[in-house]
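>>> what's the 3D shape of this:
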Amino acid sequence: VDEWLVAEGTESKNWNAAEQDLVSLGAAATKRKLHSLIVDISQLTAAASITIRLYMKVNGVERKLYEQTFVVGTDTDGCWVVNGTIGIHDALRVTCQSDDATDDGKAIAYTAMLEAM
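Numbering: from 1, shown residues only. Presented below is the predicted three-dimensional model:
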């Protein structure tokens, strides 16, 4: 029997002041399949560039694995960061950063679907 986990939430942080953690998916030394990760940037400032980064340990050292920038009002409000299955073996840290100071304190929501291996 497959074990499915849907992780959803909203974080309000100072996205412009510095790169901030949005969510950590999975757990140390635990294998999972990540099927999707959607980040909702609809509450942020129009024309702001929002950079989303993914980090995970590689041979015991956390490394940046992926980075993509979306523009509020130009790109869709719901950003498909992962759209397809990837295997993770440790916690996958998802961060966001805005280039607009007025985004500090605003909400960013996310939803992800994981499967136990």
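>>> drop to CA atoms for contacts and neighbour counts, all remaining ones
Will do.
>>> nearest residue to the middle of the protein?
Val94 (3.8 Å; Cα atoms, centre = their mean).
>>> what does the helix or strand containing that one contact?
Here Val94, judged by DSSP states H and E, is contained in strand 92-98. Residues external to strand 92-98 that are found in contact with it (Cα atoms under 8 Å, 6 or more residues apart in numbering): 15-16, 18-27, 48-56.
>>> partner strands of the next helix or strand along the chain from that strand, parallel or antiparallel?
Where DSSP H and E defines the elements, the next helix or strand beyond strand 92-98 is strand 104-116. Note on strand 104-116: by DSSP bridges, its sheet partners are strand 4-14 (antiparallel), strand 32-40 (antiparallel).
>>> for Gln97, see how far away Val39 is.
12 Å (Cα to Cα, to the nearest Å).
>>> ugh, wrong one, I meant Gly9
Applying Cα to Cα, the value for Gly9 to Gln97 is 17 Å.
>>> where does this structure have low pLDDT?
1-2 (pLDDT under 70).
>>> my read is that Met113 contacts His35, right?
Yes: Met113 lies in contact with His35 (Cα atoms under 8 Å); the separation is 5.6 Å.
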